[in-house]
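J.: Sequence unavailable; structure follows:
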């Protein structure tokens, strides 16, 4: 072997081996997401090309056939099309756990349901209490949502410190939470639900279920049905990414395992970074006095930072205490409290809800900045809680230990 070839081989090893090790590390997803968020906020606010950067995500591109009513901006394409694959991947994990994993028990599968309900109810109540009787009270739905991508990204930073059952719990909770947020938007913040397309979506889902029941395993056929389902969901007025969750739950489990392997890296290291870049391209206001003193900010921050962990933890505890749900053996109450804190990362769905709740730009800016502040605080508190506790605790604790 020539010296030049040996040198090239060593160079490839030096460059690509660390990259392979990095992407194989479970913490890589969280690191990449945080890096993309920092880069995007910096480019949006402290760069001479900030206007070009922020406008890029809002640029409209027109499809050849206009009457199809497809997403027409870069931001919408990422959030409505590409993120469907993320929801599909997440749905696969949940289905596997519900059928053969940690959530296969009925009582265990109900725990994230109760947690998600509490995590939606408490933030909404806190916001209403702080804004009752004001023109801002319509924003009660803003702090209800947990952002799946960012919350799982923060949890992944803890690597193997966090048991897989905790990740599954947060994933299930966040999906149910997002479903609740979508229903809230559909019922309270939208007057444009197209029930014809919604009916078509239900028919397609039933067809997929029927094919699954008869053990039909042609992936190409499922792909075509998945595209049709996405299109109908998008035009129904319901968030189109739910098509990914529906397909993952309706398809055969043996087909999902093949797709999961193919989608893992493209979703986590291409789609999610694009999602982070696009959704954090926000211009922060120079004068934040009116934001700090607004009851909208108080409601959003208190709802996400206090209401989320309060609702998730208390409803989980009550459900287990009254034997309506069961806590997985490898998860203890301090971990659930930490996950509740991370659940306060609202971001995408919260920002989306804010744009629907308030029609004036000033109120939208206040809500968006409050969401960013609350999400940062929630992420940091949840990370510290779980890292500190998992580092020193090696056996399950009970609720009574929280007050020691």
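T.: In hand now; what should we look at? Everything numeric in this text was worked out from a predicted model, so none of it was measured.
J.: model confidence over the longest helix seen in the chain, on average?
T.: Longest helix in the chain by number of residues (criterion: DSSP state H): helix 361-392. The average pLDDT within helix 361-392 is 86.
J.: residues near residue 109, how many?
T.: A count of neighbours around residue 109, defined by other Cβ atoms under 10 Å, yields 17. Bear in mind the C-beta positions are built from the backbone N, C-alpha and C, glycine included.
J.: picking that back up, which strands or helices does the longest helix of the chain pack on?
T.: Here helix 361-392 touches helix 148-156, helix 289-292, helix 295-302, helix 333-342, helix 348-357, going by 3 or more Cβ pairs under 8 Å, 6 or more residues apart in numbering; DSSP states H and E.
J.: Hey, what's the angle from that helix to helix 148-156? Just curious.
T.: Using axes from the mean of the first three to the mean of the last three Cα atoms, to 10 degrees, the inter-axis angle of helix 361-392 relative to helix 148-156 is 30 degrees.
J.: Buried residues of helix 361-392, list them for me.
T.: 363-375, 377-379, 381-383, 385-387, 389-390 (16 or more other Cβ atoms under 10 Å).
J.: Quick one, which of the helices and strands packed on helix 361-392 gets closest to residue 54.
T.: Nearest to residue 54 among those is helix 348-357 (14.2 Å), distances taken as Cβ to Cβ.
J.: which parts of that closest one are buried?
T.: By 16+ other Cβ under 10 Å, the buried positions in helix 348-357 come out as 348, 349, 350, 351, 352, 353, 354, 356, 357.
J.: Could I get the contacting residues of residue 383?
T.: Contacts here follow Cβ atoms under 8 Å, 6 or more residues apart in numbering; on that basis residue 383 touches 154, 157, 158, 342.
J.: before we move on, what about residue 60?
T.: 72, 73.
J.: where along the stretch 1-150 of the chain do the helices fall?
T.: 3-24, 28-45, 50-58, 74-76, 83-100, 106-131, 148-156 (DSSP state H, counting those that start in this stretch).
J.: Present these as JSON lines; the columns should include distance to residue 308 and mean pLDDT.
T.: Listed next are the helices of the stretch 1-150 of the chain as JSON lines, based on distance: least, Cβ to Cβ, whole Å; pLDDT from 0 to 100:
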{"stretch": "helix 3-24", "distance to residue 308": "31", "mean pLDDT": "48"}
{"stretch": "helix 28-45", "distance to residue 308": "19", "mean pLDDT": "87"}
{"stretch": "helix 50-58", "distance to residue 308": "27", "mean pLDDT": "92"}
{"stretch": "helix 74-76", "distance to residue 308": "26", "mean pLDDT": "88"}
{"stretch": "helix 83-100", "distance to residue 308": "19", "mean pLDDT": "83"}
{"stretch": "helix 106-131", "distance to residue 308": "5", "mean pLDDT": "93"}
{"stretch": "helix 148-156", "distance to residue 308": "10", "mean pLDDT": "85"}
